[in-house]
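Visitor: All I have is the shape, not the residue letters:
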């Protein structure tokens, strides 16, 4: 190929790649109502697979084993939803008192705005209404389309049990499908790759479940010490929102902060709630998740944040939840294909950063142990 042909083919290649990416993104957005349940079904089917296989080893038929798995998953999810619903019902009973307190705070804010910005209280509400009206005109169509898409997606989530059932039922069929698609690749290599994908998904999801339990305990403990009402509900809600990496726990802190402002006489309670959630976030990001999930899902924070933003733009909250496990799966695939190894390296954690975090964790752990030992020795002497 001549230099002139190279110059012509390069722009054509770039244009073709960009066109394919554009069509792919458009297709994923247009078919989100089906693709989101499918993506969640794949993850849940991978999680339920070990239980299904164990039941089958106990001489239970595959169909009945899958049904038992679905019942177990439904009971667990239903239990969490029931608990949250009961907490919301109890919370609604105190709503009139909270509204009254909110009106008092609004009056205080109005006085402060009048004294600070010289805007009379009688003009503040119309000004706020006009601002909200203008905002609604600008963003109304976007908001309506978002609500419509979300409603459609929630309706499609009813298909989850059906999709999971067939993924587990036809798992050997799908394995043979990959063998036929990549018929030039040794069967052992494909099976090894599928096992790695299964392992990384299970490690991420099960590790995330344990992280949620730990964070829920820390949140609830901190809120109880501050005397915040509905501490269990807010602590659990904040922990559940950690399924949205990096930003979920901050979103979960907004409600208890608002509750502390409405029910407490001092703003320092709100500061304390913010401090509790910030401390939990620091512990989660630097110690809990790295030690619980470990290096099995070694995606660097930059790749995770970019994936989080892109997932949110593509599929909303569901895309943010699915971003990290699917980036981890992509990394496993890239690492297993020689020509794609550089991209797997780009998604992975830096060795230097990992070593520094490990040294920091060991150093902090050693200091804590030394402090505990010193305190024990002092007690023995006394």
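Guide: Cool, the structure landed. What you are looking at is a predicted structure, and each value in this text was computed from that prediction instead of being measured. Numbers count the residues shown, from 1 in each chain.
Visitor: which SS state does residue 63 fall under?
Guide: Look at residue 63: counting by DSSP: H, G, I helix; E, B strand; the rest coil, its state is helix.
Visitor: How many residues are close by it?
Guide: Counted with other C-beta atoms under 10 Å, residues neighbouring residue 63 total 11. Placement of C-beta: from N, CA and C, glycine included.
Visitor: Can you tell me how far it is from residue 56?
Guide: 10 Å (C-beta to C-beta, to the nearest Å).
Visitor: now do residue 83
Guide: 32 Å.
Visitor: Quick check: which ranges of the protein have low pLDDT?
Guide: 1-8, 10, 91, 94-108, 110, 113-114, 117-157, 245-246, 289-298, 350-382 (pLDDT under 70).
Visitor: other SSEs contacting the top helix by length along it?
Guide: The longest helix of the chain (DSSP state H) is helix 187-226. For helix 187-226, the elements it packs on are helix 32-57, helix 171-181, helix 231-240, helix 248-263, helix 268-283, helix 289-292, helix 301-336, judged by 3 or more C-beta pairs under 8 Å, 6 or more residues apart in numbering; DSSP states H and E.
Visitor: and the ones you listed as CSV, adding mean neighbour count?
Guide: Shown next, in CSV, are the helices and strands packed on helix 187-226 (neighbours: other C-beta atoms under 10 Å):
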stretch, mean neighbour count
helix 32-57, 18
helix 171-181, 12
helix 231-240, 22
helix 248-263, 19
helix 268-283, 18
helix 289-292, 16
helix 301-336, 19
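Visitor: how about those helices in CSV, adding distance to residue 189?
Guide: Shown next, in CSV, are the helices and strands packed on helix 187-226 (distance: least, C-beta to C-beta, whole Å):
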stretch, distance to residue 189
helix 32-57, 20
helix 171-181, 10
helix 231-240, 38
helix 248-263, 37
helix 268-283, 40
helix 289-292, 30
helix 301-336, 8
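Visitor: ok, now which ones touch residue 68?
Guide: With contact set as C-beta atoms under 8 Å, 6 or more residues apart in numbering, residue 68 has these partners: 55, 60.
Visitor: Distance check, it against residue 198.
Guide: Distance, residue 68 to residue 198, using C-beta to C-beta: 20 Å.
Visitor: Report the separation between the nearest residue to residue 236 once chain neighbours are set aside and residue 206.
Guide: Distances taken as C-beta to C-beta, 6 or more residues apart in numbering place residue 216 nearest to residue 236, at 5.0 Å, with adjacent residues excluded. Plainly put, residue 216 is 16 Å away from residue 206 if you go by C-beta to C-beta.
Visitor: contacts for stretch 319-334?
Guide: Everything outside stretch 319-334 that qualifies as a contact, by C-beta under 8 Å, 6+ apart, is 36, 39-40, 43, 193, 196-197, 200-201, 204-205, 243-245, 247, 297-299, 303-304, 307-308, 310-313, 315, 340-341, 343-344, 347-348.
Visitor: Can you say which helix or strand has residue 67 in it?
Guide: helix 62-93 (DSSP states H and E).
Visitor: burial of residue 164, as a residue count?
Guide: 25.
Visitor: what about it, which SS state?
Guide: Per three-state DSSP, residue 164 ends up helix.
Visitor: Quick one: residues contacting it.
Guide: Taking C-beta under 8 Å, 6+ apart, one finds 41, 44, 45, 48, 66, 70, 73 in contact with residue 164.
Visitor: is it true that the third one touches residue 167?
Guide: So the one you mean is residue 45. Yes - here residue 45 reaches residue 167: they are 3.9 Å apart, a contact under C-beta atoms under 8 Å.
Visitor: about what we covered before: of residue 216 and residue 206, who's got more company?
Guide: Each of residue 216 and residue 206 has its neighbours counted (other C-beta under 10 Å); residue 216 has more, 19 against 14.
Visitor: need the contact list for that one.
Guide: Residue 216 neighbours (C-beta under 8 Å, 6+ apart): 235, 236, 238, 239, 240.
Visitor: ok, the closest residue to residue 313 other than its chain neighbours to residue 27 distance?
Guide: Closest residue to residue 313 apart from its sequence neighbours, by C-beta to C-beta, 6+ apart: residue 319 at 7.4 Å. Using C-beta to C-beta, one gets 14 Å for the distance from residue 319 to residue 27.
Visitor: Residue 282 too?
Guide: For residue 282, the distance to residue 27 - C-beta to C-beta - is 40 Å.
Visitor: And residue 215, by the same measure?
Guide: 36 Å.
Visitor: Those two: who's more crowded?
Guide: Comparing residue 215 with residue 27 by other C-beta under 10 Å, the one with more neighbours is residue 215, at 27 against 11.
Visitor: Contacts only, for the nearest residue to the more buried one once chain neighbours are set aside.
Guide: With sequence-adjacent residues excluded and distances taken as C-beta to C-beta, 6+ apart, residue 215 is closest to residue 239, at 4.2 Å. By C-beta under 8 Å, 6+ apart, the contact list for residue 239 reads 212, 213, 215, 216, 219, 249, 252.
Visitor: Not including adjacent chain positions, what is the nearest residue to the first one?
Guide: Among residues not flanking residue 212 along the chain, residue 239 sits closest, at 4.8 Å (C-beta to C-beta, 6+ apart).
Visitor: Distance of that neighbour relative to residue 174?
Guide: For residue 239, the distance to residue 174 - C-beta to C-beta - is 34 Å.
Visitor: Repeat that for residue 225.
Guide: From residue 225 to residue 174 the distance is 50 Å (C-beta to C-beta).
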